[in-house]
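**Student:** Sharing a model prediction with you, sequence too.
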Amino acid sequence: MELAFVLLGSILVTYGWYWGGVTEARTSAYAMGTGSVILGLFAAFNPAAVPAWSLFALGAIFGMLATANAWNESTQDRTYGLFALFFAFAALLGVAADNEAFGEMTDYGLGALILAVVAALHFISAALVASNKGFKAFVGWVTLGGGAFLAFLGFAASIGSSIL
């Protein structure tokens, strides 16, 4: 699961870098697409199929949607916003499942909560206030920060540490 957090975090960092206005869409699309494919394959062929992998599989799908969106330079696409809303709800279900299974918030639940917030902000930015470039840049930087935190969760778990 540590590698999945690092991959998903790198996808979000790259997407945030693009949405923040720092880089061009097509250069970001290559990095996001590669990370999304690796994450999707990792989730699909993991021998220890645990419920957490469903969130990472959805993360791979969300990453591929973000890649397609960046490639077409249509980040204000309302359909993308609708899928971001679906991903936010799925991530919230992951938080609820984590809390019910363990009785407390774990690193997985915290990661799912970060993903829910990021996806909800993408829904607002792409579907509700699509013409507001300043809010899009804000969402990009929040996405970058959330992705960096997810990658940190993955690295922390790999050295035997825990945030919570």
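**Tutor:** The structure has been received and is ready for your questions.
**Student:** C-alpha only now, for contacts and for neighbours.
**Tutor:** Noted.
**Student:** which residues touch stretch 129-139?
**Tutor:** By Cα atoms under 8 Å, 6 or more residues apart in numbering, the list of residues contacting stretch 129-139 from outside reads G16, W19, G20, G21, Q76, D77, R78, V118, L121, H122, I124, S125.
**Student:** which one of those is nearest I38?
**Tutor:** For the contacts of stretch 129-139, the residue nearest I38 by Cα to Cα is G16; the value is 19.1 Å.
**Student:** Check which helix or strand the closest one maps to.
**Tutor:** helix 2-19 (DSSP states H and E).
**Student:** what's the next secondary structure element after that helix?
**Tutor:** Note on helix 2-19: by DSSP H and E, the next helix or strand toward the C-terminus is helix 25-44.
**Student:** re earlier: touching the helix holding G16 from outside, list them.
**Tutor:** 23-25, 28, 31-32, 35-36, 38-39, 42, 56, 59-60, 63, 66, 75, 111, 136-137, 139-155, 157-158.
**Student:** Narrow the residues you listed to those that are buried.
**Tutor:** Buried by 16 or more other Cα atoms under 10 Å: 25, 28, 32, 35-36, 38-39, 42, 56, 59-60, 63, 66, 75, 111, 136-137, 139-155, 157, out of the contacts of helix 2-19.
**Student:** quick one on the thing from earlier: between the helix holding G16 and helix 25-44, how big is the angle?
**Tutor:** Helix 2-19 and helix 25-44 are oriented at 160 degrees to each other (axes from the mean of the first three to the mean of the last three Cα atoms, to 10 degrees).
**Student:** Quick check: the residue with the largest distance to the centre of the chain vs G109, distance?
**Tutor:** Distance from the C-alpha centroid of the chain, by Cα atoms, centre = their mean, peaks at G103 (24.3 Å). Distance, G103 to G109, by Cα to Cα, to the nearest Å: 11 Å.
**Student:** just to revisit the earlier point, pLDDT averaged over the helix holding G16, what's the number?
**Tutor:** For helix 2-19, the mean pLDDT works out to 82.
**Student:** and that helix, how far from the chain's centre?
**Tutor:** Its chain's C-alpha centre and that of helix 2-19 lie 7 Å apart, by Cα atoms, centre = their mean, to the nearest Å.
**Student:** Pull that helix out as PDB, backbone CA atoms only.
**Tutor:** The C-alpha trace of helix 2-19 is given here as PDB (Å, rounded to 0.1, in the frame of the first residue of the first chain):
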ATOM      1  CA  GLU A   2       3.000   2.300   0.500                       C
ATOM      2  CA  LEU A   3       3.800   2.300  -3.200                       C
ATOM      3  CA  ALA A   4       0.200   3.100  -4.100                       C
ATOM      4  CA  PHE A   5       0.200   6.100  -1.800                       C
ATOM      5  CA  VAL A   6       3.400   7.300  -3.400                       C
ATOM      6  CA  LEU A   7       2.100   6.800  -7.000                       C
ATOM      7  CA  LEU A   8      -1.200   8.400  -6.200                       C
ATOM      8  CA  GLY A   9       0.600  11.300  -4.500                       C
ATOM      9  CA  SER A  10       2.800  11.800  -7.500                       C
ATOM     10  CA  ILE A  11      -0.200  11.900  -9.800                       C
ATOM     11  CA  LEU A  12      -1.800  14.500  -7.700                       C
ATOM     12  CA  VAL A  13       1.400  16.600  -7.400                       C
ATOM     13  CA  THR A  14       1.700  16.600 -11.200                       C
ATOM     14  CA  TYR A  15      -1.900  17.500 -11.700                       C
ATOM     15  CA  GLY A  16      -1.700  20.200  -9.000                       C
ATOM     16  CA  TRP A  17       1.400  21.600 -10.700                       C
ATOM     17  CA  TYR A  18      -0.600  21.900 -13.900                       C
ATOM     18  CA  TRP A  19      -3.800  23.300 -12.400                       C
END
